[in-house]
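Visitor: Provided below for reference: sequence and predicted model.
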Amino acid sequence: MVRRFALFDSVTRKLNRAKRLQDEGKAPQAFSLLAKMARSGVPEAAYRVGQCYLSGQGTPSSLEDGARWTYQAAQAGISEACFTLATLFAMGVPKGFDPSLPASGGDGLYGRYDREETEDYQPDFSQARFWAEKGAEAGHVEAQALLGHIFNHGPDEIQDREAARHWYGEAVRGGSLQAALGLGLILLDEATDDDQRAHAMAHLQRAAEGGIGLASAAMGWIYEHGACGQERDAGKAARCYRMAADQDIPSAQARYGLMLLKGVGVETNVVQAESWLRRAAYGGDAEAAALLGDLYIRGEDFLRRPAEAARWYEFAAEQQHTPAARVLAVLYLTGTGVIRDEKKAAYWFSHAAALGDRHADADLGNLVLAGVAHPEEEQKNLQQRLRVQAEGGDLLGAFNLGVCLAQGVGGSSDEAKAFYWLGLAREGVVNAQYWYGRMLFEGRGVAMDQQSGLIWMDKAARQGMPEACASVAQVLVTGQVGGVKDHARALELYHQAADAGLPEAYFSLGAMYGGGHDVPADVPRARECFEEAAQRGHGLGQMMLGRYLMKGLGGEEDREQARYWLQQAVRQGIQQAQHLLDSLDRPSEHEESSVDTVEDKTDP
């Protein structure tokens, strides 16, 4: 008997010594001591060796070796080991992994587990349930909470709402805040009167006050939407979201950021909103990434960074965020924040359409105008699909079919039929109004009627379609219809189109501010507009920016930058840019005559 107590005392002293070594930062020495005890059959030492492998403390980390030693401790009845093993199986282990088998290759206890990380890791909820039950039945509170979670959220064949409620309840009585969250959500879902809802909310409140971020996020959603019998309260929602945001819950960071942005439930603060949205996006929240894109493309001047917007839209689009995919397509189509690339625009429009965005199909007209090529077979299939939609009364399908027929996509061009289908779609699709008006204006498939054509294009412009705004503005500048000119409204329309990112609208603004129109000349502003057009790949804009830089118009002279932009314009086939480039290093009368010729071409 004395010998037995002496042995027990020796094991206890060695375990305590190993713990002291770990506390002192001497992890390898602690691991060596624990390893010897584990090999001699001490369950507590086996559990601690498993922890060392799992955390990489004193030995290279290895999930498999950690699970094997934890398994030995769990077999001996250590409840903490049962919980750890259940957690490992719930999170995922290599397919077919059996912790009862020794490590392959004879690595042994001290060997480095350096297997290529190519195994197919997947959860094993059957094993997770088995070991969680062992720990739970032994009174381990965290195992009880985990078992409740497995019964509540596991595969269909394991789910058992009554068992989940029981084990969550046991864990709550043991003080588990995670279990309070799980039980609260179950009770809310089952509640049928105010008393039951209040009881459920009390569990959520307890979890939230204990620092469980998901509980705070859930309460934020409940107050924001007035769900589960609670009155809608934006202030309470904002406070709950903030609590969850502080606990690094990305979805709550996104919601709180949006509330700060809109001033809902909290005072508007764009700077803080941007900060929270960024944190949420870095945490993988696609909605936050899309909101950041919106903020950088349309927000306050100090936040307007189109290139940054494009980056976040792409991040969101890659996570299947449908609106972000469509906006990204528009950015590539207009060259806003990215190098203009019609093929990438086509890809992201197609991506958005595949995700179910019917509006993405409405941009088919823009893609056709941009000259995006599609394989012949794909074009035929597209026209057939659109014909079925159009004949079924779908206005968007009618518009797209009209565009295909007008441009010969998927077959030969038939402008008369195109005009028919666009006419059917014009009352319900803004883009159709523009195309219908344009065909009337140009006499394509119908007798030319510029007055009626302008009316329809103007309807689309008044609803914000950028191309319609630019086209109507052009007519108002030139007085092409009835000799009527309205440069003030044309300027307003060009601004509207430019705000939407249309490169040619920026060029036209530069031309109007440059002088010779019925609006006050503003040469510095003209230079800014030409620069915006140039950055978006507009050839004439690049030429005019080069000229302004060469002559120091609207700002400082910069001949090197002038050379760069003129060269860009030449690459796009702008012959007048070559004349300016030739004269850059030899100012003469020839330069002046070349410039005069250029100025004649800058009408919007």
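Guide: Yep, that arrived.
Visitor: Which stretches in the stretch 501-604 of the chain count as helices?
Guide: Under the criterion DSSP state H, counting those that start in this stretch, the stretch 501-604 of the chain contains helices at 503-513, 523-535, 539-551, 559-571, 575-583, 589-600.
Visitor: Mind telling me which of those helices the model trusts least?
Guide: Out of these, helix 589-600 stands lowest, with a mean of 42 (criterion: mean pLDDT).
Visitor: one step back: so which of the helices of the stretch 501-604 of the chain is nearest Ser216?
Guide: helix 523-535 (43.7 Å; Cβ to Cβ). Placement of C-beta: from N, CA and C, glycine included.
Visitor: Next, the residues that contact the closest one from outside, please.
Guide: Helix 523-535 has contacts (Cβ atoms under 8 Å, 6 or more residues apart in numbering) with 335, 498, 503-504, 506-507, 509-515, 540-542, 544-545, 548, 553-555, 565, 568.
Visitor: Now list the buried members of the residues you listed.
Guide: Buried members of these, scored by 16 or more other Cβ atoms under 10 Å, are 335, 498, 503-504, 506-507, 509-514, 540-542, 544-545, 548, 553-554, 565, 568.
Visitor: Strands of the stretch 51-200 of the chain, start to end?
Guide: 93-94, 121-122 (DSSP state E, counting those that start in this stretch).
Visitor: With respect to burial, which of these scores highest?
Guide: strand 93-94 (a mean of 20; mean count of other Cβ atoms under 10 Å).
Visitor: who's in contact with it?
Guide: So strand 93-94 is contacted by 63-64, 67, 119-122, 124 (Cβ under 8 Å, 6+ apart).
Visitor: Most neighbours among these, please name it.
Guide: Highest neighbour count within those, by other Cβ atoms under 10 Å: Ala67, with 22 neighbours.
Visitor: Report the contact partners of that one.
Guide: Counting by Cβ under 8 Å, 6+ apart, Ala67 has contacts 50, 54, 85, 88, 93, 97, 99.
Visitor: can you rerun that using 7 Å?
Guide: 85, 88, 93, 99 (Cβ atoms under 7 Å, 6 or more residues apart in numbering).
Visitor: Would you mind extracting the C-alpha trace of stretch 248-256 into CSV?
Guide: This file holds the C-alpha atoms of stretch 248-256, laid out as CSV (Å, rounded to 0.1, in the frame of the first residue of the first chain):
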residue,chain,number,x,y,z
ASP,A,248,-14.1,39.6,-34.4
ILE,A,249,-17.4,38.3,-35.8
PRO,A,250,-17.1,39.4,-39.5
SER,A,251,-20.8,39.4,-40.2
ALA,A,252,-21.4,41.7,-37.2
GLN,A,253,-18.5,44.0,-38.3
ALA,A,254,-20.2,44.3,-41.7
ARG,A,255,-23.6,45.1,-40.2
TYR,A,256,-22.2,47.6,-37.7
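Visitor: Give me the distance between that stretch and the centre of its chain.
Guide: In terms of Cα atoms, centre = their mean, to the nearest Å, the centre of stretch 248-256 is set 14 Å apart from its chain centre.
Visitor: and it, what's its mean pLDDT?
Guide: 94.
Visitor: contacts for it?
Guide: Stretch 248-256 is contacted by residues 213-214, 216-217, 220, 238, 241-242, 244-245, 276-277, 279-280, 283-285, 287-288, 291 when judged by Cβ under 7 Å, 6+ apart.
Visitor: Show me just the buried residues among these.
Guide: Buried by 16+ other Cβ under 10 Å: 213-214, 216-217, 220, 238, 241-242, 244-245, 276-277, 279-280, 285, 287-288, 291, out of those.
Visitor: Inside helices: which ones of the residues you listed?
Guide: 213-214, 216-217, 220, 238, 241-242, 244-245, 276-277, 279-280, 287-288, 291 (DSSP state H).
Visitor: His321: what's it in contact with?
Guide: Neighbouring residues of His321 by Cβ under 7 Å, 6+ apart: 286-287, 290.
Visitor: I should have written Trp276 there, sorry.
Guide: Contacts for Trp276 were tallied using Cβ under 7 Å, 6+ apart; they are 245, 253, 256-257, 260.
Visitor: Return the member of the residues you listed nearest to Arg438.
Guide: Nearest to Arg438 among those, with distances taken as Cβ to Cβ, is Gly257, at 41.2 Å.
Visitor: which regions of this structure sit below the pLDDT cut-off?
Guide: Within the chain, the ranges that satisfy pLDDT under 70 run 1-9, 103-119, 299-302, 358-375, 378, 585-604.
Visitor: how about 50 then?
Guide: Applying pLDDT under 50 to the chain flags residues 1-8, 104-118, 369, 589-604.
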